[in-house]
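Colleague: Starting from these lines, generate the structure:
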Amino acid sequence: IEVKNIENLTESDMEIFNGAIGNNMLDFYDYIRYGYFGKNKVAVRIEAHDDTSGIQYVEVRINGQTAVHELKDGSSNGAIKDVVHDKKSTWYTIIFLDADFKGTIEARPVDKAGNMQNQYATPRGVVSETQSKHDASSVLKITTLTKPSNTVGGINYYNRNVSVNLLMEDEHSGIKSYSYTAGEAISGSQNYGGEAGTVDKKGDPSVDNVFKKEFTPVLTTAANYTNKENPTMVEAEFTDNAGYTEKVNEKYVIDDKKPEIEVTWTSEAEVMNEKYYRSTRVAHIRVVERNFDEDGVKWDINNRTGVHISDWNHNGDVNTCRVSFTEDGDFLMNFSITDYAKNTSNWKGEEFTIDKTAPVISISFDNMDAQNGNYFNRARTATLHVEEHNFRAEDVKYELSATNDGQGIASPTAGGWSMGSDHHTASIY
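Modeller: A predicted model of the protein is given here:
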């Protein structure tokens, strides 16, 4: 159909307002499909011009459904500023779209002589989005794909790389811009609205609407050695084209390092015979561990008599305590340390003995029949008794001598030792 005398209706003849005529215009981004965005109902003012017979009606097609809208003379409506065409007053119609509308609006005029514009004027699609619609149609969430090695007090600990899934979605108005960080090493951002621009390029847009983005960053142990006071953060936010913003974050404690254990010893006495001490011996334990767990310390001490374990002291990653062995006994100390992330280190010690008790020595004789005080008419055997837990026969030093009428004779002979648990004997004859 050839259209005569009708000035073709174009996209610029269709003004789209936020809620009501005269309010702010909807935001425009020069996307390929949808370009107008707002948060309320939408009012569309369509102008049409004809210099001869005037406009009879405008055929409007909303999301493919056609309706006829009568036009009014703009010069006769005081509520709307008169729009005067070069030769004739402007006719217009106003169409209201419900909140949460999403679709296309197309229009073409028909003059009073029946002439119809060949093509519909088709501006970019229109999207209106209320808060409730945004809440129902948008998603921003972080899903952890790696199972934690331990959870304590609501905090998840990991001793390996952590994979997460980051999902951003706004199925109604679409994503205008987004940004995210995953630890200090990973980040990303994009501004689709800024790339599209806010000026209509008249049929040559290059940026399409984006409704969903998904990422799967990996938090490596090498780049994210952290603790609960300073966890690795995954943070994300996006703003949709209607202007709503969503934010989300998750915390991760990542630690694949085993505790580093160092033990030093002090004692007021030097070691004797490789493992014997005659005073208190103290183990000074130093553990370098960022996620130290006192409950993860497991002591394996064979003899707890006189053993005192101090409280742990914490200074950053350095954790210290003392184990004092104060009483007599044979000791062997082993222990293991497991941190919050379930990394474990073991420490194995060597046997040693604390012996603060001096040996008790006594002598008995088999012949007690003395004549004139100190004289015996037959042989006499002395038995040496030693009460000592840590007895060594080779440590006994004898001083034996004998005389007869003032003259030296052969010294008595010491026999071998009869060893008991703590009681030991030897004969001298």
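
Colleague: Which other helices and strands does the helix or strand hosting residue 168 contact?
Modeller: Using DSSP states H and E, residue 168 sits within strand 162-170. With contacts defined as 3 or more CB pairs under 8 Å, 6 or more residues apart in numbering; DSSP states H and E, the packing partners of strand 162-170 are strand 138-144, strand 175-182, strand 212-215, strand 218-219, strand 232-240, strand 245-254. (C-beta placed from N, C-alpha, C; glycine too.)

Colleague: residues contacting the residue nearest the centre of the chain?
Modeller: Residue closest to the mean C-alpha point of the chain, counted by CA atoms, centre = their mean, is residue 252 at 0.8 Å. Shown in contact with residue 252 (CB atoms under 8 Å, 6 or more residues apart in numbering): 144, 156, 158, 162, 219, 224, 226, 231, 232, 233, 234.

Colleague: Can you report how many residues lie near the last one?
Modeller: Same thing as residue 234. Number of residues near residue 234 (other CB atoms under 10 Å) recorded here: 22.

Colleague: same question, the first one
Modeller: Other residues within reach of residue 144 by the criterion other CB under 10 Å amount to 16.

Colleague: now swap in the second one and tell me
Modeller: When counting by other CB under 10 Å, one arrives at 21 neighbours for residue 156.

Colleague: Widest-spaced pair of the contacts of residue 252?
Modeller: Taking CB to CB as the measure, these span a maximum distance of 15.0 Å, between 144 and 226.

Colleague: what's next to stretch 381-393, contact-wise?
Modeller: Contacts for stretch 381-393 (CB under 8 Å, 6+ apart): 273, 276, 328, 353, 355, 357, 359-367, 396, 412, 414, 416-417, 419, 421-429.

Colleague: related to what we said a few turns ago, would you list the contacts of residue 252 in CSV and tack on distance to residue 137 and pLDDT?
Modeller: Listed next are the contacts of residue 252 as CSV, based on distance: CB to CB, whole Å; pLDDT from 0 to 100:
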residue, distance to residue 137, pLDDT
144, 24, 97
156, 30, 95
158, 33, 97
162, 30, 97
219, 30, 95
224, 33, 89
226, 35, 92
231, 31, 94
232, 31, 95
233, 27, 95
234, 23, 97
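
Colleague: Show the end-to-end separation of stretch 33-53, please.
Modeller: 35 Å (CA to CA, to the nearest Å).

Colleague: Quick check: mean pLDDT of it?
Modeller: For stretch 33-53, mean pLDDT rounds to 84.

Colleague: now it, how far from the centre of its chain.
Modeller: 50 Å (CA atoms, centre = their mean, to the nearest Å).

Colleague: Which positions within that stretch qualify as buried?
Modeller: 34-50 (16 or more other CB atoms under 10 Å).

Colleague: Please indicate which of the contacts of stretch 381-393 are buried?
Modeller: Of the contacts of stretch 381-393, these count as buried by 16+ other CB under 10 Å: 276, 328, 353, 355, 417, 424, 426, 427, 428.

Colleague: Contact partners for the last one?
Modeller: Contact criterion CB under 8 Å, 6+ apart gives 381, 382, 383, 384, 398, 400, 412, 413, 414, 415 as the residues in contact with residue 428.

Colleague: So which of the residues you listed wins on neighbours?
Modeller: Neighbour max across the contacts of residue 428 (other CB under 10 Å) = residue 384, 18 neighbours.

Colleague: on that earlier part again, can you tell me the closest non-neighbouring residue to the residue nearest to the centre of the chain?
Modeller: residue 232 (4.5 Å; CB to CB, 6 or more residues apart in numbering).

Colleague: Quick check: residue 410 touching residue 400?
Modeller: No - using CB atoms under 8 Å, residue 410 is not in contact with residue 400; the gap is 9.8 Å.

Colleague: so which helix or strand takes in the nearest residue to residue 383 once chain neighbours are set aside?
Modeller: Distance criterion CB to CB, 6+ apart; nearest residue to residue 383, sequence neighbours excluded, is residue 364 at 4.8 Å. If you go by DSSP H and E, residue 364 is part of strand 360-365.

Colleague: State the next helix or strand along the chain beyond that strand.
Modeller: In N-to-C order, the element after strand 360-365 by DSSP H and E is strand 382-387.

Colleague: Just the CA trace of that next one, in PDB.
Modeller: Extracted C-alpha coordinates of strand 382-387, given in PDB (Å, rounded to 0.1, in the frame of the first residue of the first chain):
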ATOM      1  CA  ALA A 382      80.200 -58.100 104.400                       C
ATOM      2  CA  THR A 383      77.100 -57.600 102.200                       C
ATOM      3  CA  LEU A 384      76.700 -54.200 100.500                       C
ATOM      4  CA  HIS A 385      73.100 -53.100 100.000                       C
ATOM      5  CA  VAL A 386      72.200 -50.200  97.500                       C
ATOM      6  CA  GLU A 387      68.600 -48.900  97.100                       C
END
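
Colleague: now the helices for this protein?
Modeller: 131-137, 192-196 (DSSP state H).

Colleague: what comes into contact with the last one?
Modeller: Translated: helix 192-196. Contacts to helix 192-196, defined as CB under 8 Å, 6+ apart, come from residues 29-31, 174-177, 205-207, 209-210, 241.
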